[in-house]
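**Q** next one to model:
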Amino acid sequence: MKRFLLAVLLTAGVLGAGPALAQQSRVGDWTIEKRTQDTHCNASRGYKDKDDENRDYVIVITYSEKAIVIVMIYDGWEWETTGEILRVDVGTDDADIMKKAKWEVMDKTTVRGIFEYDQSMMDRLSKAKRLTLDFEDDDDDSIEMQIPRAGEALAALKFCEENRK
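**A** Below you'll find the predicted structure:
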């Protein structure tokens, strides 16, 4: 769960968050939270995959009218260079979202994608059960993360965003 907290902090840092939590709610196994000194809300989900050596998978999504930020943590990754920019094809279980998107290595197990806000991207994410990152020239590090109930989580995230104070 340390990785989960790290993902929330990394995402919050992009959009100017403070360290304290003010509001938190649950949608299935997603956590929707609003920090006291943050102007944005986060939707996050973490799980262990028994079919993958019980490794941790964590995703954090946040957005504003200007940007969508997705942080993914997988303890099977061993990125070597913090700050390295990776080219990634991003997709869901039934649709491509973006080809050759830029993702930044945050630490040895964490990558972050920052995208200009696009409602069609949010719509595709809300219908997805899986989010895939297909790293260019690196099939070993490509990943498929389970995101069940993403539509409900993103609706709760939107509600949080619209009602933040």
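
**Q** bridging residues for the spatially closest residue to residue 61 that is not a sequence neighbour?
**A** Closest residue to residue 61 apart from its sequence neighbours, by Cβ to Cβ, 6 or more residues apart in numbering: residue 43 at 4.8 Å. (C-beta placed from N, C-alpha, C; glycine too.) Beta-bridge pairing for residue 43 (DSSP bridges): residue 32, residue 61.

**Q** what about residue 43, distance to residue 141?
**A** 24 Å (Cβ to Cβ, to the nearest Å).

**Q** more neighbours: those two, which one.
**A** residue 43 (26 against 17; other Cβ atoms under 10 Å).

**Q** local confidence estimate at the more buried one?
**A** With respect to pLDDT, residue 43 scores 95.

**Q** same check, this time on residue 94
**A** pLDDT recorded at residue 94 is 84.

**Q** give the contact list for it.
**A** Under the criterion of Cβ atoms under 8 Å, 6 or more residues apart in numbering, the contact list for residue 94 reads 127-128.

**Q** let's verify it: helix, strand, or coil?
**A** Of the three states, residue 94 takes coil according to DSSP: H, G, I helix; E, B strand; the rest coil.

**Q** cool, and the one 4 residues further on?
**A** Using three-state DSSP as the criterion, the local structure at residue 98 reads strand.

**Q** count the neighbours of residue 114 for me.
**A** Here the number of neighbours of residue 114 (other Cβ under 10 Å) works out to 17.

**Q** where does this protein have its least confident helix or strand?
**A** Within the chain, no helix or strand scores below helix 2-14, which has a mean of 48 by mean pLDDT, DSSP states H and E.

**Q** which element follows it toward the C-terminus?
**A** Per DSSP states H and E, the first helix or strand lying C-terminal to helix 2-14 is strand 21-27.
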